[in-house]
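Visitor: Sequence and predicted structure below; questions after.
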Amino acid sequence: MTAPTPAAARRARSRRAVTPLAAVCVLVAGAALTGCGSQRDSDVYTVMNSSTDESYHRWDARAMARCGRRLGVTVEQRSVPAAQVMTKALRMASSESLPDIVQFDASEMPTFAGAGGLIDLRTLGLRTDGIPRGIVDFGSYKGTYYGAARSVNTLALFYDKDALAGAGLGVPRTWAELRAAAKKLTHGKRYGLALSAGGAEDGVFQFTPFMWSNGGDERHLDGPRVVEALDFWKSLLDDGSLSRSTVGWTQADVNDRFMAGNAAMMINGPWQVETLNTHKSLHWGIARIPVPKAGDRSVGPLGGAVLTVPNTGDRPRERMAGRIVACLSGAKEQLTYALNSWMVPAAEKAAAVWRERVPELDALADQVATARSRTAELGAGWPGVSLALQSAFQSALTGESSKAALTRAQQRATSGN
C-alpha cells in the first residue's frame, strides 16, 4: 500500500501488480552492463518518481534543487503515474536510457533488484546508522541495501473522540476491547469499525497487522495464527460491527465512511490526515492497532517508496547519483518531506524531532518503530502471496471458513497459480 505516493496515486498504489521477475531479468540484464544508450549532460541528473500530484511534485522539485545546489549539479524530476513506474523503468532499461535515480514503491523494488538492475547503496557511501531495522529491510533485497526511504507510512487505529466519549469508552488496546467497543458503537447507520478487506493490496495491507501481531507468517498462510486473525475479522462482521460492504472497500472508501460519521473507528494511514483535517467538526485521534492480548507487540506494515540507483554501468554517474540520494534521504530533507506529507521520517533522530512537531501523530511513530516490510521474508515472491490472500478474504468474509479459504490460499501461493 509510496517517499509516499502522491494523493491521486495512493488510491491505486496497493492494487498494482508487480512485473514477474523473469520478465525483468530479460529486459534489465543487457542494459545493466552496457551503460547508457544516449549521450547525457554531465551536470544534469534525472530522478524518475510518481509525484504527479501537484503538491508532491513541488515538494520534490524544491528538495532536488536544494540538493543540486549543494552538490554543484542540476537534478531534474520526471514524474509518471505510480502504476507506470515499473513499466517505464523496464522500457528504459531495454533501450539503455534509464534515469540516474528511480523512486520505486518499496514492494516493487525487490523485483528490479533481483534482476541485477540496481546498485548496492552502501557501495556508494550511504549508511544505515540510526535507521530502524525494519526500515532498512524495507529498502533491502536479500540483505543488500538498494533503496533509501525518506519517509514511511503504516496503519493505525483512527477513532472519533466524541463517539467514544459518548459511549463511555476508552481507546481499545486489545482485540477483545476492539470487538466490544465496535459492537457498542454500532448504531443506526453507524458501524463501530471500518476497514478495507477488498480484493486488492489495500485489503492485504490492512490484514497484515492482525496476522503479524498474532504471530502469523506469510510463508504459511494456512497456519493457525493466520486463521485466528481472519476469524477475528469474521467475528466483527458477524457482530454487525463491520459493514458487509467492506469486501469491496479501498482505504479511501474507508476514510469516506469515517468522515461521514458512518464509522466510529477505522484502520487507515497518515495519507488521510490532510483530508481529515478539512472536516473541522470531526475530532479524531489515533492509536496503535489493537493486539490479540495485553502485552503483545503491534506489528504493522511499512508503506512508502525508496530511492534507488539503477545499474547503468556508468560508475562516475552512479557515484554522483548516490550522493544525490544521500542528500534527499538525509535527516534534514527527511523531516521537511515528512512534515509536508504527514509521513514519518525514516531516521530515528529525524523521527524524534517530528514527534515534537506533530504530537497528535505520536502513536504513528510508535507503530512505525515496530513495523516491517511486506517483502522482507519473500522478496519478489510477495505479489503471489498477496493475490492468494486477496482471494481468501473474499471467500472467508462471504461465508467460507477461514481455514478452508487460507488452505486454498497457501496452495495457490505455493503453486504460483
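Guide: Good, I have the coordinates. Residues are numbered from 1 along each chain as shown.

Visitor: what about the residue nearest to A326 when sequence neighbours are not counted, distance to G139?
Guide: Closest residue to A326 apart from its sequence neighbours, by Cβ to Cβ, 6 or more residues apart in numbering: L126 at 5.3 Å. C-betas here are computed from N, CA, C, even on glycine. To G139, L126 is 10 Å away according to Cβ to Cβ, to the nearest Å.

Visitor: starting at the chain centroid, how far to the lengthiest helix in the chain?
Guide: Across the chain, the longest stretch assigned as helix under DSSP state H is helix 54-71. How far helix 54-71 lies from its chain's middle: 22 Å, per Cα atoms, centre = their mean, to the nearest Å.

Visitor: re the thing from before, give me the common contacts of L126 and G139.
Guide: When contacts are counted by Cβ atoms under 8 Å, 6 or more residues apart in numbering, L126 and G139 have 145, 148 as shared neighbours.

Visitor: neighbour count winner among those two?
Guide: Each of L126 and G139 has its neighbours counted (other Cβ atoms under 10 Å); G139 has more, 31 against 19.

Visitor: my guess is T186 meets S243, correct?
Guide: No. Judged on Cβ atoms under 8 Å, T186 makes no contact with S243 at a distance of 9.7 Å.

Visitor: Check which residues of stretch 52-62 are buried.
Guide: Within stretch 52-62, the residues scored as buried using 16 or more other Cβ atoms under 10 Å are 52-53, 56-57, 59-61.

Visitor: ok, now stretch 221-241?
Guide: For stretch 221-241, a neighbour-count test (16+ other Cβ under 10 Å) marks 221-223, 225-234, 236-237, 239, 241 as buried.

Visitor: send the alpha carbons of it over as CSV?
Guide: Extracted C-alpha coordinates of stretch 221-241, given in CSV (Å, rounded to 0.1, in the frame of the first residue of the first chain):
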residue,chain,number,x,y,z
LEU,A,221,-0.9,-18.8,5.2
ASP,A,222,-2.8,-21.8,6.5
GLY,A,223,-1.1,-21.6,9.9
PRO,A,224,-3.3,-21.4,13.0
ARG,A,225,-2.2,-17.8,13.8
VAL,A,226,-3.3,-16.5,10.4
VAL,A,227,-6.6,-18.4,10.6
GLU,A,228,-7.2,-16.8,14.0
ALA,A,229,-6.6,-13.4,12.6
LEU,A,230,-9.0,-13.9,9.8
ASP,A,231,-11.5,-15.4,12.2
PHE,A,232,-11.3,-12.2,14.2
TRP,A,233,-12.2,-10.2,11.2
LYS,A,234,-15.2,-12.5,10.6
SER,A,235,-16.3,-12.0,14.2
LEU,A,236,-16.6,-8.3,13.7
LEU,A,237,-18.7,-9.0,10.6
ASP,A,238,-20.8,-11.5,12.5
ASP,A,239,-21.4,-8.9,15.3
GLY,A,240,-22.7,-6.4,12.7
SER,A,241,-19.9,-4.0,13.7
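
Visitor: contacting residues around that stretch?
Guide: For stretch 221-241, the surrounding residues in contact (Cβ under 8 Å, 6+ apart) are 175, 179, 182-183, 185-186, 191-193, 195, 197, 207, 210-211, 214-217, 220, 242, 244, 246, 292, 385, 388-389, 392-393, 396-397, 402-403, 405-407, 409-410, 413.

Visitor: Separate out the buried members of these.
Guide: Buried among the contacts of stretch 221-241 by 16+ other Cβ under 10 Å: 175, 179, 182, 185-186, 191-193, 195, 197, 207, 210-211, 214-216, 242, 246, 292, 385, 388-389, 392-393, 396-397, 402, 405-406, 409-410, 413.

Visitor: can you tell me which of those are in helices?
Guide: 175, 179, 182, 185, 207, 210-211, 385, 388-389, 392-393, 396, 402, 405-406, 409-410, 413.

Visitor: any idea where the helices of the stretch 51-200 of the chain begin and end?
Guide: Counting by DSSP state H, counting those that start in this stretch, the stretch 51-200 of the chain has these helices, from start to end: 54-71, 85-94, 109-114, 133-138, 161-166, 175-185.

Visitor: Out of the ones you listed, which is closest to C327?
Guide: With Cβ to Cβ as the criterion, C327 lies closest to helix 54-71 of those, at 3.7 Å.

Visitor: ok, W284 touching F158?
Guide: Yes. At 5.6 Å, W284 counts as touching F158 under the criterion of Cβ under 8 Å.

Visitor: any common contacting residues for those two?
Guide: Taking Cβ under 8 Å, 6+ apart as the contact rule, W284 and F158 both touch 258, 276.

Visitor: quick one, what contacts A194?
Guide: 242-243, 246, 249, 254, 257-258, 262-263, 265-267.
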